[in-house]
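J.: Need a 3D model of the following:
(one chain, ligands or ions: 1)
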Amino acid sequence: MKNELEKIHSEAMEAADSCDSIKALDELRVKYLGKKGGLTAILKQMGKLSAEERPVIGQLANKIRADIEEAVSKKMTLLKAKEQEIKLAKETIDITLPGKPQSLGKLHPLTIVSNEIKEIFMGMGFDIADGPEVEYDYYNFEALNLPPDHPARDTQDTFYITDNILLRTQTSSVQVHVMENKKPPIRIISPGRVYRSDAVDATHSPLFHQVEGLVVDKGITMADLKGTLEMLMKKLYGDDCKIRLRPHHFPFTEPSAEVDVMCFNCHGEGCRICKGEGYIELLGAGMVHPKVLEGCGIDSSVYSGFAFGMGLERIVMRRYNISDMRLLFENDLRFLEQF
Ligand code: PHE
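T.: Numbering: from 1, shown residues only. Okay, the predicted model is just below:
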């Protein structure tokens, strides 16, 4: 048995030494050391040995096993290193190949113009305020002097979550949040999404964007409102841009006005785009109603303010001469890549 062991020993060591592939080495390990391998086969016959022989042979077998294991593992390290070397030599990178083009994302036109408007107002000392899109009836209507059953609610039908909670129809709700939380002087704009249950067409969408503005301080007049809006429009549409205020009605401002902007196309002459008017209606505005101020805990005999709200889509469409609002929401890359 001793001879057999020694034979396996020298055979295995030689085979390991001359072995030149990882796969062959693995097979070799199984052949000599595995459960069905040569060494195990011999050890299974240990029972036949005498009590004196058994420990001697046992010791020898263990030593041989350890020897072979070490030889295999050393060879394995060597072969793996060699394989790596070959792989590295083969896989050189051709740095002269042209790279894969990366397509860079762009800002959405609504974001571009919204950012621009924020910049303009921040330049005039305004803060940016934010408010919830899921809103209490109170903030969207009641605190804005639109009690339940007020007829003006009909023009702003929306999506109701409960009788009392709805998707806001106007960013004017943010006026109330700001006035509840901050003492005058107040100077904010608040851009954001608003909702109305309108059917989709070229000029309507159940989701659109508004930018609200609110200024409250001592001695604020309509002249401040007009000056601020004129400044905004000049920056947006060019220095020769003029605006026009027409009397209107909003429950939360008094007096109220609709604000028209000189047609960007004909500069006031009258053309196809402005339907011969020379001006295009762009936003609603007015002096904050004393009732709204008082409701928010602001003394209307000391403070006055103005507010305005404009549809962002409309401004973007004028800006880029886009004729269909749906283009802004369809996310067609062929459209969006033009900005
Ligand atoms: N919230 C009004 C609307 O959506 C616009 C507006 C805002 C009017 C602020 C006056 C003052 O039509």
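J.: From now on I want contacts and neighbour counts done on CA atoms only, so please keep to that.
T.: OK.
J.: Find the centremost residue of this protein, please.
T.: Leu107 (11.4 Å; Cα atoms, centre = their mean).
J.: Name the nearest residue to that one, sequence neighbours excluded.
T.: In this structure, Leu107 finds its nearest non-sequential neighbour in Phe339, 7.7 Å apart by Cα to Cα, 6 or more residues apart in numbering.
J.: Would you mind listing what in this structure touches the ligand?
T.: Gln170, Ser172, Phe250, Thr253, Gly284, Ala285, Gly286, Ala307, Phe308, Gly309 (Cα under 6 Å from any ligand atom).
J.: Please identify which two of those are farthest apart in space.
T.: Pairwise distances across those peak at 15.0 Å for Gln170 and Gly286 (criterion: Cα to Cα).
J.: Which of those two has more residues huddled nearby?
T.: In terms of neighbours (other Cα atoms under 10 Å), Gly286 is the more surrounded of Gln170 and Gly286; the figures are 28 against 25.
J.: Now do the SS call for that one.
T.: Following DSSP: H, G, I helix; E, B strand; the rest coil, Gly286 is assigned to strand.
J.: who does it bridge with?
T.: Listed by DSSP bridges, the beta-bridge partners for Gly286 are Ser256, Ala307.
J.: how about the helices in the protein?
T.: Assigned by DSSP state H, the helices in the chain fall at 2-18, 22-33, 38-43, 53-90, 109-123, 137-140, 172-181, 222-237, 290-295, 312-320, 327-330, 333-336.
J.: could these be laid out in CSV, adding distance to Asp163?
T.: CSV is the format used below for the helices of the chain (distance: least, Cα to Cα, whole Å):
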stretch, distance to Asp163
helix 2-18, 84
helix 22-33, 74
helix 38-43, 83
helix 53-90, 70
helix 109-123, 32
helix 137-140, 8
helix 172-181, 17
helix 222-237, 35
helix 290-295, 22
helix 312-320, 28
helix 327-330, 29
helix 333-336, 38
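J.: Going by mean pLDDT, which of those helices comes out lowest?
T.: Lowest mean pLDDT of those: helix 38-43, a mean of 80.
J.: Could you check how far that helix is from the centre of its chain?
T.: 66 Å (Cα atoms, centre = their mean, to the nearest Å).
J.: now do stretch 139-151
T.: On Cα atoms, centre = their mean, the centre of stretch 139-151 falls 34 Å from the chain's centre.
J.: how many neighbours does Leu214 have?
T.: Using other Cα under 10 Å, Leu214 has 27 neighbouring residues.
J.: Based on its surroundings, how many neighbours for the spatially closest residue to it that is not a sequence neighbour?
T.: Using Cα to Cα, 6+ apart and skipping the chain neighbours, the partner closest in space to Leu214 is Ala307 (4.5 Å). Using other Cα under 10 Å, Ala307 has 25 neighbouring residues.
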